[in-house]
Every structure is written in C-alpha cells, then in structure tokens.
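In: structure, please.
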Amino acid sequence: MIRPYGFLALLAFCPRLAAAQDTTAALQPVPAVTLSLDEALRQARANSPTYRQTLNDAGPARWGVRNAYGSLLPSFNVSSDLGYTGSGQSNFGGGFVRPTSAFVTSGYSLSLQWQLDGRTLTAPATQKALQRATDEDISGAGVSLRVEIETQYLTTLQATAQVAVARQQVVRNAEFLRLADARYKVGQATLLDVRQAEVAKGQSDVALLRAVQAENEAKLDLLRRMGVEPAVPVDQIALSDSFPVTPPAFQLDSLLALAEVQNPALRSLRARRTAASYGVRSAKSEFLPTLSVQAGWSGFTQQFTNEGFLLDQQLGSAREQAAACQYDNQVRSALALGGVVDNCFASAGLTDGGTALLDPVSRQIRDANNVFPFDYTGQPFQASLRISLPIFTGFGRSLRLSQARAQEADADESARARRLQVRSDVHARYLGLQTAYQAIAVQAANREAARDQLRLAQERYRLGAGTSLELSDAQNAVQRAEGDYVNAVYDYHKAIAALEAAVGRPLR
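Out: Got it, this is the predicted structure:
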C-alpha cells in the first residue's frame, strides 16, 4: 500500500464551475493525497518485485566470496553413531558355530581435511569479481527502476495535462453553444448552428471522459511499477512534482566519457571478464601438484546387554584354566619339579570347587562391560600427507583450459559489444534530446498561432461574418495544438530520462 506519511493531504475543495460547465466540474475529484517523484522512487525501491528479485542476488554473492576464502582453511568434521546387534549364533565356517549375546555400540570420529591446489587459490579472486558483477547488476537495476518510475511519472503528468486540455475544450464548446443559442434566439443564426454546437459540446465531453480514464490508468500503472496498491481511490491521487523546461546543457563527449566509467551493465560485463580471466588461471593450475592433509581421532564402545553371557564365558574359561593348573600340579608332583600351585581355583578366579567366579572377578567383568554410550575406547591418532600430480587425464585438463580461454574471449567480446551499444545509445539519445527540445519551440509557436486563429474565428462569428463550421474547426485546431505542445514538453523530459538510462546515472 501507499504509505500515508509519504503524501500531503489536501483539504481544499474545488470550486464549482458555471452551469454551462457541469461535466467539467463532475470530473474534478478532490485530491486526497499527493505523490512526489522522490516518494515514488522510495516506494519502488522498497516494494518493486522486479527490483527486489535483483537485490536477492547480493546474499549468495557475498557468501560465494566467504566460501572461497573458507576453502583455504581446513575442514573439520565430527560424527557419532549408535548401534544395536541382537542375540543369536555366529557361524565361523567349517561347522563351528558360537552363540552370541545382544550388544549395543557407540562411537565418535573427529577428522580434519585440508587440500590446496590452484583452483582453491584462485577462487577468492574469481568470486570477488563475480560479486562486483552482481553489485553492478543491482546498481543497473536501480538505474532502470529510476528511469522506469520517472518515465511513468512523466506519462501520468502528461495524461493529467491532457485532461486539462480536454477540460478547456469543454469550456470552449460550452461557450460556443451559449453563443450559438443566443444568436439563434435573435434570428442571427440557424438551428443548424445550434445543433452543430451541441454536437461539438457532446464530443468534447466524451473526449474529457476518455482523457480522465487515461489519466487514471496511468496512475494505476505507476503504482503497479512501484509495487504498491492505492490506499485511496485512484482519482483522488495527485502528482505534486513539476518539471520546468530548461535548455539542455549536456556535452556529448562528457556523456560518452561518463558512460564509459558509470554504466552498470558495462561495469558488470567487465567484472565478469575479470572472473573469466581467473578461470583461465584456475584451469592452468590443474597442471600443478595438489597437496592434501588428513588427520583423525576416533573411539568406540561395545556393551553386552546380557551380563550373564559374559560371566558364563569367563566361568568356562576359568574352569579350563583351573583344570590345566591341576594337571600341571600332578605332573610337577610326580616328577618332583616343584612350583606346585596351592589353589588352582583361586588362581583362576573361582570359588572353592570351581562352581562360581569370585565376587571381585564378577564385579570387574561387569564394570568393564558398563561402557555404553560415552565410556569410549580411544583409537590411535592417524595423520597423512599426500602430494599428487596427474600425469595423463585423457586430455581433460587441456579441454577445460581451452573452454576457459573461450569463455574469457567471449566475455571480452561481450564487454566490447556492450561498450559499442552504450556509446551508440548515448549518442542517439543525445540527438533525440536536442530534437525534443527544438520540437517544444515549434509546438509553442503552433499553439499561439492556433489561439490567434480561434480568437479571430470567435470575433467573426459574434459579428456574423464567420460560420459555425469555421469556429468549430478553429477550436479543434487549438485543442490539437495544445495537446501537441503538452506531448512535446513531456517527450523532452522523457528524452532526458532515456539519456540517463543510456549513461547509467542521473543527470539532473
């Protein structure tokens, strides 16, 4: 919506016209708000969908530069995992099957990676060039938006001025009708003169209605380009700025030089050409070695959910150890070798008789199993350094280098073509501005001549020396001349806006 604080409320009421000008009065609504060109531009920059779409490109461009610099730094990754394996039997082949218990696992991994090559080294400069190109695109969108809004603002003012011309024609035809009727009543004119005056009055009323409609449509188009909707009825919105006609003081050489350094489209293509040059350097760097560094830390846990399974395994192993100890004691006793173990069960961690594990051994097994999820067992630190240099890649590097050079040449030609286009546009619009200014003087002279013709025709008709057809033709000639003068004035201001678009910056 149009922001209320951007407008000045007008509270003055328009005075009524004479009874013969009823149509004119009905088509003059009281302005509720006024809109200046500066306010229209502010609203357009804040709300224009097309312009805001271009602004959205700034964020990715900035992050592209940050990402390029970030590529020069090592990347650091952290990962963690949790797992579960159910109970069952593990088949090791050869008919050997072993029952297993369910268990849960967890782990972590920290890894550091760093790679350095020519493409990584040239990436920051390439991305900064592309960011400059994006900034110039945004600047160019701003210039285009300003020219678009200013041109439509002028078009709306032009339509308003044409309403004034049509309204004045209604006044003239009303006067013509009054005069024809008065002459008919005193016998100095025929009923044909009255009917002709009535037709002229009706035609001017219709022309005024169409002019008002054209003005309202121009206002709606202006608001659409601004990206807002009318807060009040469109016929109550009035434009407040005026544009005086002053002789153009621009110099062609200065305008061409200014366009060379200020035109955003040209600057954007030059920035993209710079980015293409870095692309060639990046492609050449593929023939150089690549340095890679990797380092990592990791750990894991594994906890059986059935502690009885672990205790049974340990009990079986301890019994085997105790039996071996007893057999060894018998051999040593028979051979009188000495070194006999006093209690094989205790040495194997079993109670007397070997029926169960000792409590300390059981607690130790349980404590060793109670590790999930964060009592990690660390793995050894790992690190590696690698230098690689591809010898033959199927001419892939040569292909990419050729493509990069072609893109650089294309970017250079695009910039040169844009430069020629900019200079041609500036020159053509400079000449168009001179022509538009000269046309104002011609149309002003035509308007004065038409007004003199109308005065003469009116006097002749009052004195009975002229005809109603002659007076009607003179009035139509005045309307055309005044309309042409209005068009000439606003064509001149639009020519300045077009010249600003070609140069790429405001000139007034």
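In: centre-most residue in this protein?
Out: Nearest to the mean C-alpha position of the chain, counting by C-alpha atoms, centre = their mean, stands Asn56 at 2.5 Å.
In: where does pLDDT dip in the stretch 201-350 of the chain?
Out: Within the stretch 201-350 of the chain, not a single segment meets pLDDT under 70.
In: kindly report the same for the stretch 1-150 of the chain.
Out: Along the stretch 1-150 of the chain, segments meeting pLDDT under 70 span 1-31, 90-97.
In: the strands in it, which residues?
Out: 33-35, 75-85, 88-91, 97-100, 103-116 (DSSP state E, counting those that start in this stretch).
In: isn't Gln321 up against Ala348?
Out: Yes. Between Gln321 and Ala348 there is a contact under C-beta atoms under 8 Å: 4.2 Å. Where you see a C-beta, it was placed from the backbone N, CA and C, and this is true even at glycine.
In: mind checking which of those two has more residues around it?
Out: Between Gln321 and Ala348, counted using other C-beta atoms under 10 Å, the more crowded position is Ala348 (24 against 17).
In: mind listing what that one touches?
Out: Contact analysis of Ala348 by C-beta atoms under 8 Å, 6 or more residues apart in numbering lists Ala318, Arg319, Gln321, Ala322, Cys325, Gly354.
In: just the buried subset of those residues, written out for ChimeraX, thanks.
Out: Per 16 or more other C-beta atoms under 10 Å, the buried members of these correspond to this ChimeraX selection:
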select :318,319,321,322,325,354
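In: want to throw the contacts of Ala348 into TSV with distance to Arg98 and secondary structure?
Out: Below are those laid out as TSV (distance: C-beta to C-beta, whole Å; DSSP: H, G, I helix; E, B strand; the rest coil):
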residue	distance to Arg98	secondary structure
Ala318	18	helix
Arg319	17	helix
Gln321	19	helix
Ala322	22	helix
Cys325	25	helix
Gly354	23	coil
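In: endpoints of stretch 182-189, how far apart?
Out: 9 Å (C-alpha to C-alpha, to the nearest Å).
In: go through it and flag the buried ones.
Out: Of the residues in stretch 182-189, Arg183, Tyr184, Ala189 count as buried by neighbour count, 16+ other C-beta under 10 Å.
In: mind checking which of the residues you listed are in strands?
Out: Applying DSSP state E to these, no entry is found in strands.
In: and the residues you listed, which is the shakiest by pLDDT?
Out: Looking at the buried residues of stretch 182-189 by pLDDT, the weakest one is Ala189, with 84.
In: give the contact list for Tyr108.
Out: Tyr108 touches Val78, Ser79, Ser80, Asp81, Ser298, Gly299, Phe300, Tyr376, counting by C-beta under 8 Å, 6+ apart.
In: which residues pair with it across the strands?
Out: When bridges are called by DSSP bridges, Tyr108 pairs up with Ser80, Gly299.
In: and the gap between it and Asp81?
Out: Per C-beta to C-beta, to the nearest Å, Tyr108 is found 8 Å from Asp81.
In: over to Ala368?
Out: From Ala368 over to Asp81 (counting by C-beta to C-beta), the distance is 21 Å.
In: before we move on, what about Ala406?
Out: 47 Å.
In: same question for Pro230.
Out: Pro230 is 61 Å from Asp81, by C-beta to C-beta.
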